[in-house]
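In: the following block contains a protein sequence and its predicted model.
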Amino acid sequence: MRVALIQTPWSDHSGGPLKKFAQRWVSNPPLGLLYLASCLEENGHQVDVYDLEAEHLTPPQLCQKLTKDGIQLIGITATTPVYFITVAYIEYLKQLGLPIVLGGPHITALETEATTGGPEVELPDAVDYALTHEGEYGMVALLEALDRKTDLSEIRGLMWRDGDRLIRNEPRNFIDNLDALPFPDRRKLNPLLYRFEVPIKGMVPVANMTLTRGCPFLCAFCGEPFNGGRKLRMRDPQAMVDEMETILELGVNHVWMCDSTLTANRKLLIGFSEEMIRRKVPMTFEGHTRANLVDPELLGVMKEAGLTRLAYGMESVDPYVLKLMEKEIAPEDVKKAVRLTTEMGIRATVGTMMGNAGDTRQTILKTAWFVRSIPEINYAPNAIACPLPGTPLRRQAEEGVGGLKLLDPDYSKLTRYSGGVMEVNGMSPRDMLRLQRLTLLIMHSTPRKFVYIIMHFGFFNLLGVLARMVKSELTVRLKGYDPVMREVADQNTTLANLGLGPIKSKAVRRAERLAQKAAQDALRQERLLEAQSLVPGAQPALMFKMVDGNATSESSCGSSRPSLTGKTAHALNQRMRSQPQDKAPQSVSHPTLQET
């Protein structure tokens, strides 16, 4: 089967103040789709991968390319903030008449909510199948079943339709033997399109890969426990380095490790680093981890193997906030790890997050000033907490824990630089957005940090970010609204920029479905009745009743069927009134009636 795997664009909606930078320098290839492509091709299928964030194909261009290439099935992935964009693409692509499979973190999160007492999963009408959790083996099984026209009920992790019913099969277990998976097929995309600022090297092509899947920790804001599982599943160090060498063959010599916690298993990282050193692989890499999972020996061997930068998650310095998010890392541990990392000749960054349970204006500002006080921290993004579906943070927001209040269930507003969807101890999303701008300025208002972020983003890119922040603040003060929040809320403008139609509400979609179903029922009834002979002597005025389309009645022909509605009933009554009453009906050749 010829398959297209698609990642929809995201930066136009969720890029925040760094949107222009993100659109110019795309840094993350869709690794999950590349794994899927390799698994499918290993099983005899042909696969094309489209990253619309990097390739910038318009919807008509995409449809034309899919048609020209003879695509037979479409797979598309979705994260939560841009789910509405994915749905719009799905509805646009459905005009091709191809089966569409939905996967990715968002549908997995919805399935997780459904299995823990949350609302049932609803799929867009244009989606034929959905796969949750890790999709490599599930996608192979689905295509095999479609090819052979066999039962779908045994495919774990699959959602599918049986008429009007949505069936959710048993969940699929996580893949234990990661080394059984083929390497992701990076030749499906242009690897030189993905670029990022790398210490010493500057803006260069980058690739991404994983050494592990899963995370044993339980941070309240994170979806990794249900996306990858709590068990840490590890690859063989030799296989990891083999993959690094395949990346080098593509002309890329820097890798972003996507592991949730890169140093979660110390022995694994030492084994990987020693293998890199033994083979003398001329590559560099970076990743993120926890401050309590590094030590001088580990950092030393990783540095020799090519580690150039390490990011630590700090989130907050307030003990109560850290307790509610189950972070279990003290701020002093972060300071110690950052200084140790810098002493080893490795760049260190720190990630913070505002708007978690227990946060106040004072705790958020305290965190900002703490970051500013550590000169070794080069850069510190400060994200607004997003209560993703299925996470403990979402339950905290729904239950009012720590002063949180979920104001808007709209997934499209779950972006980290647009105010968020929660009230936090009396602070509105607009208050949070303004405070975020202030904290970013505080954190980086030292000469050393300012020089680094110029190196990281580029002078003119950074100037554009600062200008946009100033403009937004002035708009709030003079006009009373924040343009960033208005921009994120205006989904139809985002879709128009992407060449897609406006979004329809659930009520409109439901009404359209009902109208379409009623029209199909009426047409089916008309064809059935036209195939039957009319009964002589019947009273035309009573032959068909114009009633609600869901009701049933007994027609004078003796068959129980849904009563007709509107124009259909009127037209058939008129036809019967014009039928001569003394003329015998003509015989009709209809297989169903002949059998009776």
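Out: Arrived safely, thanks for sending. Numbering: from 1, shown residues only.
In: which parts of the stretch 51-200 of the chain are helices?
Out: Assigned by DSSP state H, counting those that start in this stretch, the stretch 51-200 of the chain shows helices spanning 52-55, 59-68, 83-93, 105-115, 136-148.
In: closest one to Leu474 among those?
Out: Of all those, helix 83-93 sits nearest to Leu474, with 29.5 Å by Cβ to Cβ. Any C-beta I mention is one placed from the backbone N, CA and C, and that applies to glycine too.
In: check which helices and strands the closest one sits against.
Out: Counting contacts by 3 or more Cβ pairs under 8 Å, 6 or more residues apart in numbering; DSSP states H and E, helix 83-93 is packed against helix 59-68, strand 73-77, strand 100-103, helix 491-497.
In: from those, which stretch is densest packed?
Out: strand 100-103 (a mean of 25; mean count of other Cβ atoms under 10 Å).
In: re earlier: so which of the helices of the stretch 51-200 of the chain comes closest to Thr494?
Out: helix 83-93 (6.9 Å).
In: would you mind extracting the C-alpha trace of the closest one into CSV?
Out: Extracted in CSV, the C-alpha atoms of helix 83-93 (Å, rounded to 0.1, in the frame of the first residue of the first chain):
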residue,chain,number,x,y,z
TYR,A,83,-5.4,19.7,17.1
PHE,A,84,-7.8,22.1,15.5
ILE,A,85,-5.3,22.6,12.6
THR,A,86,-5.0,18.9,12.2
VAL,A,87,-8.8,18.5,12.1
ALA,A,88,-9.0,21.2,9.4
TYR,A,89,-6.4,19.4,7.3
ILE,A,90,-8.2,16.1,7.8
GLU,A,91,-11.5,17.6,6.6
TYR,A,92,-9.7,19.2,3.6
LEU,A,93,-7.9,16.0,2.6
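In: quick one: contacts for Asn169?
Out: The contact partners of Asn169, by Cβ atoms under 8 Å, 6 or more residues apart in numbering, come to Leu152, Ser153, Glu154, Ile155, Arg156, Gly157, Leu158, Met159, Trp160.
In: skip the chain neighbours and tell me the closest residue to it.
Out: Distances taken as Cβ to Cβ, 6 or more residues apart in numbering place Leu158 nearest to Asn169, at 4.8 Å, with adjacent residues excluded.
In: and for the one you found, the neighbour number?
Out: Residues near Leu158, counting by other Cβ atoms under 10 Å, number 25.
In: quick one: residues contacting it.
Out: By Cβ under 8 Å, 6+ apart, Leu158 lies in contact with Tyr129, Ala130, Leu131, Gly138, Ala141, Leu142, Leu152, Asn169.
In: of those, closest to Glu376?
Out: When the contacts of Leu158 are compared against Glu376 (criterion: Cβ to Cβ), the nearest one is Leu131, at 43.5 Å.
In: so what pLDDT did the closest one get?
Out: As predicted, Leu131 sits at a pLDDT of 96.
In: same check, this time on Pro225
Out: pLDDT at Pro225 comes out at 85.
In: and it, what element?
Out: Here Pro225 sits within helix 224-227, counting by DSSP states H and E.
In: how far out from the middle of the chain is that helix?
Out: Computed by Cα atoms, centre = their mean, to the nearest Å, the chain-centroid distance of helix 224-227 equals 13 Å.
In: ok, and what's touching the helix or strand just after it?
Out: Per DSSP H and E, the first helix or strand lying C-terminal to helix 224-227 is strand 233-234. Strand 233-234 is contacted by residues Phe174, Ile175, Asp176, Leu178, Leu211, Thr212, Arg213, Gly214, Asn265, Leu268 when judged by Cβ under 8 Å, 6+ apart.
In: out of the residues you listed, list just those in strands.
Out: Thr212, Arg213 (DSSP state E).
In: so which of the contacts of strand 233-234 is the most crowded?
Out: Ranking the contacts of strand 233-234 using other Cβ under 10 Å puts Leu211 first, with 25 neighbours.
In: ok, the residue nearest the centre of the chain - contacts?
Out: Residue closest to the average C-alpha location in the chain (Cα atoms, centre = their mean): Thr79, at 0.9 Å. Counting by Cβ under 8 Å, 6+ apart, Thr79 touches Trp10, Gly104, Pro105, His106.
In: now tabulate the residues you listed in JSON lines and tack on neighbour count.
Out: Below are those laid out as JSON lines (neighbours: other Cβ atoms under 10 Å):
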{"residue": "Trp10", "neighbour count": "21"}
{"residue": "Gly104", "neighbour count": "26"}
{"residue": "Pro105", "neighbour count": "23"}
{"residue": "His106", "neighbour count": "23"}
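In: what is the lowest-pLDDT residue among these?
Out: Within the contacts of Thr79, lowest confidence goes to Trp10 (80).
In: do I have it right that that residue meets Val82?
Out: Yes - shown here, Trp10 and Val82 form a contact pair, counting by Cβ atoms under 8 Å, at 4.6 Å.
In: what distance do you get for the residue lying closest to Met354 once chain neighbours are set aside to His56?
Out: Distances taken as Cβ to Cβ, 6+ apart put Ile364 closest to Met354, at 4.6 Å, once the chain neighbours are dropped. Using Cβ to Cβ, to the nearest Å, we find Ile364 at a distance of 37 Å from His56.
In: neighbour-wise, which of these two wins?
Out: Comparing Ile364 with His56 by other Cβ under 10 Å, the one with more neighbours is Ile364, at 26 against 12.
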